[in-house]
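Visitor: Quick one, what's the 3D model for this:
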Amino acid sequence: MFVAGNLISALATILDYLLTVANWLIIIRALLSWVNPDPNNPIVQLLYKVTEPILAPFRRLVPSYTIGIDISVIFALIFIWFLKLFVVRTLFDIGARLG
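Guide: Presented below is the predicted three-dimensional model:
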């Protein structure tokens, strides 16, 4: 069963890295929104294309027109932190018990 434990631990590590990258990309996007970046810049376009699928569901839950501020970033970061604390730790614990 140690093979299954190692596989689950490896998946947990990869998920942890992906969530960390998503976390930083969302923070960078929020910081860029304060300085009004050039929308034709390929890096800005890539950043928007990567983070928009993460932020869109939270924008539907709390539309920015009701309060005038887009707080979808805060909800997305909280959700990512929840995934890291609950899902990733659970996968690591399952991997440790199988290993």
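Visitor: and the next element down the chain from the one helix or strand in the chain whose mean pLDDT sits lowest?
Guide: Sorting the helices and strands of the chain by mean pLDDT, DSSP states H and E puts helix 64-67 at the bottom, at a mean of 68. Next helix or strand after helix 64-67 toward the C-terminus (DSSP states H and E): helix 72-83.
Visitor: just checking, what packs against that following helix?
Guide: helix 2-35, helix 42-61 (3 or more Cβ pairs under 8 Å, 6 or more residues apart in numbering; DSSP states H and E). (C-beta placed from N, C-alpha, C; glycine too.)
Visitor: Listing request: residues of this structure with sub-threshold pLDDT.
Guide: Within the chain, the stretches with pLDDT under 70 are 64-66, 68.
Visitor: What residues sit buried inside stretch 33-48?
Guide: By 16 or more other Cβ atoms under 10 Å, the buried positions in stretch 33-48 come out as 37, 47.
Visitor: what's near enough to touch residue 11?
Guide: Residue 11 makes contacts with residue 91, as judged by Cβ atoms under 8 Å, 6 or more residues apart in numbering.
Visitor: Can you give me the distance of it to residue 91?
Guide: Noted for residue 11: a distance of 6 Å to residue 91, by Cβ to Cβ, to the nearest Å.
Visitor: Neighbours of residue 60, how many?
Guide: By other Cβ atoms under 10 Å, 9 other residues sit near residue 60.
Visitor: Kindly provide the distance from it to residue 2.
Guide: Distance of residue 60 to residue 2, given as Cβ to Cβ: 43 Å.
Visitor: and the residue nearest the centre of the chain, what does it touch?
Guide: By Cα atoms, centre = their mean, the chain has its centre lying nearest to residue 22, at 3.7 Å. Contact analysis of residue 22 by Cβ under 8 Å, 6+ apart lists 51, 54, 80.
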